[in-house]
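**Q** Sharing a sequence plus its predicted fold:
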Amino acid sequence: MPAWAILPITLPAFTITGMWIVYAMALSNNHICPGAALGPLYNDITVPLIQARSISLLSSFHSKCGTFPPESCFFSLICTLGSFMVLLVGLLRYAHVMEHYGPSLLNTMGLAAGWICAAGLTMVGNFQVDHAKVLHYIGAGVAFPTSMLFVFLQSVVTYRMAKTRGHYWTGHLRSILTALAFITLIFSGVFFIQESFVLQHLAALCEWMFIINVLVFYGTFTFEFGAISTDTFLVLLQASRAPKSYKADSSASSTPHVHNLSESLPMV
């Protein structure tokens, strides 16, 4: 099923395009002020608008531009559909690794991290920061670290599965994206807790770069997803039934033993 290779590319293309559309809607509805990032002088001129909307150019790419309707509806839709695609990509990646590498704790942890990230992303999109700040920040606090863990684990798994030079180059690319994501995430957290106007905007910029790195990382799965076939789903189905089949095999293997024992008793 080569069509599955489209899914990892669709995720970043859909999410990034959707963010720009939501930003354009917020800008056209005067819910954001693009000049807020220019500095104090411009802020003095547009104080009423900024105080009413409390938003800047850089931070508007994330939570703030999805605060007011109608763009908040589209922001929730993008986050919800994006989280669904994250779930699907994580599951297919898990099945692909199972097919070619076998059972792995790192693979299971990667699946769990990806699905928890999707849950956090859903909370971010459906609980606006100005109306449900606590839940919104809880969702962000769940989504960002787990997405960082996901890309790290997938980088390690890529190297463990590598057999050709192309596989190793894919691992190198993912390692670079993982390192950049980690650096931008750390700087985003450090700058976010500062009271400086400039540092807070740098935090928003680092957050935006972190999201881009993670989305591009998801796009690299297109290399493997082109090889997904029906056998991949059969492996996933067998893995889900493994505990039951194991129990059946155990009971079946124990039956002849009991039968032989019963036959040996009369001989004694």
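**A** Yep, it's here.
**Q** what residue ranges in the stretch 1-150 of the chain score low on pLDDT?
**A** Residues of the stretch 1-150 of the chain that meet the criterion pLDDT under 70 lie in 1-2, 31-66.
**Q** Kindly apply the preceding question to the stretch 151-268 of the chain instead.
**A** 240, 242-268.
**Q** which strands and helices sit next to the helix or strand where Val157 lies?
**A** Under the criterion of DSSP states H and E, Val157 resides in helix 133-161. For helix 133-161, the packing partners by 3 or more CB pairs under 8 Å, 6 or more residues apart in numbering; DSSP states H and E come out as helix 71-101, helix 105-126, helix 165-192, helix 197-219. The way it works is simple: take the backbone N, C-alpha and C, and place the C-beta from them, glycine included.
**Q** Does anything pack onto the first one? Which helices or strands?
**A** Judged by 3+ CB pairs under 8 Å, 6+ apart, the packing partners of helix 71-101 are helix 6-28, helix 105-126, helix 133-161, helix 222-225, helix 230-240.
**Q** mind checking which of those helices is nearest Phe210?
**A** When these are compared by CB to CB, helix 133-161 sits nearest Phe210, at 7.2 Å.
**Q** my guess is Leu177 contacts Asn213, does it?
**A** Yes: the pair Leu177 / Asn213 is scored as a contact, 5.1 Å apart, by CB atoms under 8 Å.
**Q** Pipe the helices and strands packed on helix 133-161 into TSV and attach mean neighbour count per row.
**A** As requested, those are exported to TSV (neighbours: other CB atoms under 10 Å):
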stretch	mean neighbour count
helix 71-101	19
helix 105-126	20
helix 165-192	16
helix 197-219	20
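**Q** before we move on, the earlier item: the inter-axis angle of the helix holding Val157 versus helix 165-192?
**A** 160 degrees (axes from the mean of the first three to the mean of the last three CA atoms, to 10 degrees).
**Q** in helix 133-161, what's buried?
**A** Buried residues in helix 133-161, counted by 16 or more other CB atoms under 10 Å: 136, 139-140, 142-158, 161.
**Q** so how far is it from its chain's centroid?
**A** Its chain's C-alpha centre and that of helix 133-161 lie 6 Å apart, by CA atoms, centre = their mean, to the nearest Å.
**Q** angle of that helix against helix 197-219?
**A** Going by the same axes, to 10 degrees, helix 133-161 makes 40 degrees with helix 197-219.
**Q** Not including adjacent chain positions, what is the nearest residue to Met161?
**A** Leaving out its chain neighbours, the residue that sits closest to Met161 by CB to CB, 6 or more residues apart in numbering is Tyr101, at 5.1 Å.
**Q** show me the contacts for Met123.
**A** Met123 makes contacts with 135-136, 138-139, 142-143, as judged by CB atoms under 8 Å, 6 or more residues apart in numbering.
**Q** now, among these, which is nearest to Pro70?
**A** Within these, proximity to Pro70 (CB to CB) peaks at His136, which comes in at 18.9 Å.
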